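Trainee: Just the structure for this:
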Amino acid sequence: MTAIVVITLLVSAATFSRAAWVDFMTWKIPNRTILVLVACYVIFAGVVLASGETLRFGVDVVWSLATAFLLMAIGFVLWQLKLLGAGDAKLMFPIGLFLGWTALLPFAIWLAALAVVALLALKLPLPAGLGATIPGMRLNEIRRTGKVPYAVILVGALFVSAWDRYATAALG
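Mentor: Numbers count the residues shown, from 1 in each chain. Presented below is the predicted three-dimensional model:
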């Protein structure tokens, strides 16, 4: 595996994490974040395809694009129904690219599980001392407004469900 692939995956993971944090703190996901993630996937897929390691990483560009467009379409419908923010809907495109078709079912299962965890986190009282922290104050604001930063849940589900595809291949 080339260093470019590892660096691209690390930059992608950091960018997805930053998107989740920024969404948690501001309810916004900048367009440049989406563009960086798409660029990372293009570099990643290009290097993997050029190196002939497509079987090792399970990269199938056509199916990854299909997954990306499917998730973006679902995100767009949810945004139109006012169930999801525009940034979260846009984030679903690069999530689909990195996820790929084969990890779509595990992603959906983890997404549902993490949504339940998030719901419980918003309904249950905060542990003592957490309310005075920045995340605790932000959770209270999210509770008060009812606006959920879904990027946190989306990125969490991506990381757990895509672990097989990337980390195990990178480790051996």
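
Trainee: going forward, measure contacts between C-alpha atoms and count neighbours the same way
Mentor: Noted.

Trainee: Could you point out the helix or strand that follows the helix or strand harbouring residue 94?
Mentor: Element membership of residue 94, judged by DSSP states H and E, is helix 86-99. Later in the chain than helix 86-99, the nearest helix or strand by DSSP H and E is helix 104-123.

Trainee: May I see the buried residues of the helix or strand following that following helix?
Mentor: Once the chain leaves helix 104-123, the next helix or strand it forms, by DSSP H and E, is helix 134-145. For helix 134-145, the neighbour count (16 or more other CA atoms under 10 Å) marks 138, 139, 140, 142 as buried.

Trainee: Over to stretch 6-25?
Mentor: Neighbour-count burial for stretch 6-25, counted by 16+ other CA under 10 Å, picks out 8-9, 12-13, 15-25.

Trainee: Which ones among those map onto helices?
Mentor: 8-9, 12-13, 15-25 (DSSP state H).

Trainee: show me the contacts for the closest residue to residue 76 other than its chain neighbours.
Mentor: In space, residue 76 comes closest to residue 89 once its chain neighbours are excluded; the distance is 5.7 Å by CA to CA, 6 or more residues apart in numbering. With contact set as CA atoms under 8 Å, 6 or more residues apart in numbering, residue 89 has these partners: 72, 74, 75, 76, 78, 79.
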